[in-house]
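> I'd like to go over a predicted model; first the sequence, then the structure.
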Amino acid sequence: MVLLKHINNHTIITQSEATQLIAYLTDPQVDIEDKVDVLTRFTKKEIKQEELTYIANGLIQTMYPKQPTYEGSICVCGTGGDKSNSFNISTTVSFVVASAGVPVIKHGNRSITSHSGSTDLLKELDIRTTKVSDVPLQIERRGLAFINAMESYPIMKHIQPVRKMIPMPTIFNIIGPLINPFKLTYQVMGVYDPSRLHMITQTLRDLGRRRAIVIHGANGMDEATLSGDNEIYELNEKGNITHYYINAKDYGLKVADNTALQGGSPIDNKQITLDILSGRDTSCKRDVVVLNAALALYVSEKVATIASGIGLAQYLIDSGRAMKQFLQIRGDSCDNIK
């Protein structure tokens, strides 16, 4: 087919061909071995920025021809694929950011490249995910909604087995955080591959984000870390993109190797999250949550600077507001809201 020829020749595919690729990978009649071959070839080619936008738009339009909007909303998430086995940093951050009054619509999945994905942790925390149609009411009542990617994009059930058969991060590690069902106002997105930071920031602009931060953590993580200079591309409200680095030590946070941020099973990560939110854990694990929450608070225009975000994130934990946010949402869902 023409699409495969273009992939083999490293030709930029069109929006129409991106839609064809999605249809091919999600077609239950296509043999999984053939899907693995095509997805592997596409992942290995030099993916251009336009293609990233085309595939993201193609997936969104397949499920949400009229994409819903929630003004002021943010998602904090990473691509995965960094093999760091860190605890669920972005999920923990979501409670902190939501406790500041920022509407958080967290789009997550079960583990594919780590021990514990976002929805794995939520299950242990006894927090139910929210249906896309119920998100506005959930945000109105609780300020925070978790969406299961496999529920919001059921067509992905045909792609997930393919991804698991490929021993490397695929294009869908990058695409996943881009296709939140809601047209977000803000986003913080961690990326395992620093060579793709700029193109992802451009794609977030194409998708209508007002402000965004795309980050590659020091020493290879898809979160801001405490071990050195974190590389950032920032999209501002004027559509301009700036490039800079931040270091946790410049904000008075503990310096720590990435290995100190490792988690374990969903049960292990549950305890880490609860210890941080309750204030019991004052280690580097808390500091990495504070740093990433500060970025989200800054990009969502809750504070004017990252430094101010550090102070606010610390206050939200120390005052008990972050833990209160967790307790408010625990076990709640719009299925129970009248």
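Arrived safely.
> what ranges do the strands span in this structure?
Under the criterion DSSP state E, strands of the chain are mapped to 74-78, 104-108, 144-148, 186-190, 211-216, 229-235, 241-247.
> where are the low-confidence patches of the stretch 201-338 of the chain?
331-338 (pLDDT under 70).
> with distance to His158 added, can I get the strands of the chain in JSON lines?
Heads up, the C-betas are built off the backbone N, CA and C, glycines and all. JSON lines is the format used below for the strands of the chain (distance: least, Cβ to Cβ, whole Å):
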{"stretch": "strand 74-78", "distance to His158": "22"}
{"stretch": "strand 104-108", "distance to His158": "19"}
{"stretch": "strand 144-148", "distance to His158": "16"}
{"stretch": "strand 186-190", "distance to His158": "25"}
{"stretch": "strand 211-216", "distance to His158": "28"}
{"stretch": "strand 229-235", "distance to His158": "32"}
{"stretch": "strand 241-247", "distance to His158": "34"}
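> can you tell which of these is closest to Val93?
strand 74-78 (5.2 Å; Cβ to Cβ).
> how about low-confidence regions in the stretch 51-200 of the chain?
In the stretch 51-200 of the chain, residues with pLDDT under 70: 110-116.
> let me see the ranges of the helices in it.
89-98, 118-124, 135-142, 149-152, 160-164, 171-175, 197-206 (DSSP state H, counting those that start in this stretch).
> looking at those, which is closest to Thr53?
Closest of these to Thr53 is helix 197-206, at 4.5 Å (criterion: Cβ to Cβ).
> now for that closest one, which elements pack on it?
On a contact count with 3 or more Cβ pairs under 8 Å, 6 or more residues apart in numbering; DSSP states H and E, helix 197-206 meets helix 49-63, strand 186-190, strand 211-216, strand 229-235, strand 241-247.
> tell me which of the ones you listed sits most buried.
Mean neighbour counts were taken over the helices and strands packed on helix 197-206 using mean count of other Cβ atoms under 10 Å, and the top value, a mean of 27, falls to strand 186-190.
> tell me what angle that one forms with helix 197-206.
Relative orientation of strand 186-190 versus helix 197-206 (axes from the mean of the first three to the mean of the last three Cα atoms, to 10 degrees): 160 degrees.
> Leu316 and Asp82: what is the separation?
26 Å (Cβ to Cβ, to the nearest Å).
> just say which of the helices of the stretch 51-200 of the chain is most tucked in.
On a mean-neighbour basis (criterion: mean count of other Cβ under 10 Å), the most buried of these is helix 89-98, at a mean of 29.
> extract the CA atoms of that one and return them as CSV.
Below are the C-alpha coordinates for helix 89-98, written out as CSV (Å, rounded to 0.1, in the frame of the first residue of the first chain):
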residue,chain,number,x,y,z
ILE,A,89,5.0,11.3,40.3
SER,A,90,2.5,12.9,37.9
THR,A,91,-0.5,11.3,39.5
THR,A,92,0.6,12.4,43.0
VAL,A,93,1.2,15.9,41.5
SER,A,94,-2.4,16.0,40.2
PHE,A,95,-3.7,16.0,43.8
VAL,A,96,-1.5,18.9,44.8
VAL,A,97,-2.3,21.0,41.7
ALA,A,98,-6.0,20.3,42.0
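> I'm done for today, thanks for sticking with me.
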